[in-house]
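Peer 1: Give the three-dimensional model of this entry:
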Amino acid sequence: MKLIPALLLWVGVNSVLFAQEDYYTVTAQKGDGIYSILRKQGLDPVKHYESFVLLNEKDIKDGSLLHVGREYKIPVTDDSYKKKGMILMADNSTEKPIFDKELGQMSHSGSALKNAVYYIILEDSSAAASSFMDDVSKNLAAKLLEQGASVFVMGGEEEAKIALTPQERLGNYVASINKRFLQNQGKYQRLLVIKSNGTIQSGNLDVMVFHHDKSEQGQRMAENLQQVFKKNSIVKREEASSQTFEDKNMLFLAKNALPAVSLITLSKQEKTGDEVISVRSDKRKFANWITDGILKDYADLQIEN
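Peer 2: Here you go, the predicted structure:
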């Protein structure tokens, strides 16, 4: 009988410990309400409003107002943008959220991609292109997250500080991607490489889309992306189609990464040929076009299934 009180005490202590792991605290800033403080943490305020109130009911005034400077408990959830949108570094030792301060401006716009996972690799051939590429990747990641997807970004300006050979870098990317692919088995997963060939500042861009010749899924996504770019092309080329890539790095990814791979290349307007699509070098529009192609690819697959 003496064991019962001890057992109850153990259960009680562990219940408190588990409860403590269900939230973390942040300090309310001027202008914060329940909706804004949840958005800043990458959470859907509609979905998590009740949980927040239950955790903080003693510190909420007039039903929804927060006290500036007071700490509030934020529920720990797997659907936070801070967990679903991550930057993975090539040394495989660092990962961090794509967004932090920008979370307050983001909001859930749908759930079309709630079962989708995207891996995005950025490749720059010049440092001047990095700003354009990073902005495109952030705009793209935001669009995908707002539709319910999980997004992992590799490459970009910060990668330049990591001394690795191209082969080592790609090998580490593959290891990170395959690890997360297995963790997300059963979901729709795709790998998109966005490659900049030269300095991008202003004017028009030449865009080409590629896929692996042995990947039906990669070809489907490439063709859907191609259709959207064709629709928004400055010069209409109805015969433009996606190409098969022959680059050794892309072939390495296609043969070793578990998700299907598609490639978008962009450069200054200087090429000719039916496969080249010319578009405006608008960062937001470029990200929107990629998002439209991704949504179309995902929707087509759902219709088939």
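
Peer 1: can we go C-alpha only for contacts and neighbour counts from here?
Peer 2: Noted.

Peer 1: outside of stretch 290-305, which residues touch it?
Peer 2: Residues outside stretch 290-305 that contact it (C-alpha atoms under 8 Å, 6 or more residues apart in numbering): 112-113, 140, 143-144, 188, 220-221, 224-228.

Peer 1: those strands in the chain, which residues are they?
Peer 2: Along the chain, counting by DSSP state E, strands occupy 23-27, 60-61, 65-66, 71-75, 85-88, 95-97, 116-124, 150-154, 188-196, 204-211, 243-244, 260-268, 277-280.

Peer 1: Burial check on the nearest residue to R280 once chain neighbours are set aside, number of neighbours?
Peer 2: Using C-alpha to C-alpha, 6 or more residues apart in numbering and skipping the chain neighbours, the partner closest in space to R280 is N204 (4.6 Å). Residues near N204, counting by other C-alpha atoms under 10 Å, number 19.

Peer 1: Pretty sure N204 sits against V279.
Peer 2: Yes - contact criterion C-alpha atoms under 8 Å: N204 and V279 qualify, at 5.6 Å.

Peer 1: what's the domain layout of the protein?
Peer 2: Following automatic domain parsing, one finds the domains of the chain at 3-75, 81-304.

Peer 1: Next, the distance between the ends of stretch 71-85.
Peer 2: Terminal residues of stretch 71-85 lie 25 Å apart, using C-alpha to C-alpha, to the nearest Å.

Peer 1: chain center to it, what's the gap?
Peer 2: 16 Å (C-alpha atoms, centre = their mean, to the nearest Å).

Peer 1: For it, buried residues please.
Peer 2: Neighbour-count burial for stretch 71-85 flags E71, Y72, K73, I74, P75, D79, S80, Y81, K82, K83, K84, G85 (criterion: 16 or more other C-alpha atoms under 10 Å).

Peer 1: from these, which single one is nearest S267?
Peer 2: Looking at the buried residues of stretch 71-85 and their distance to S267, the nearest is G85, at 27.0 Å (C-alpha to C-alpha).

Peer 1: Let me see the contact set for the closest residue to the closest one other than its chain neighbours.
Peer 2: Nearest residue to G85, sequence neighbours excluded (C-alpha to C-alpha, 6+ apart): V151, at 4.8 Å. Applying C-alpha under 8 Å, 6+ apart to V151 gives the contacts K84, G85, M86, V117, Y118, Y119, I120, A141, L144, L145.

Peer 1: All set, thanks.
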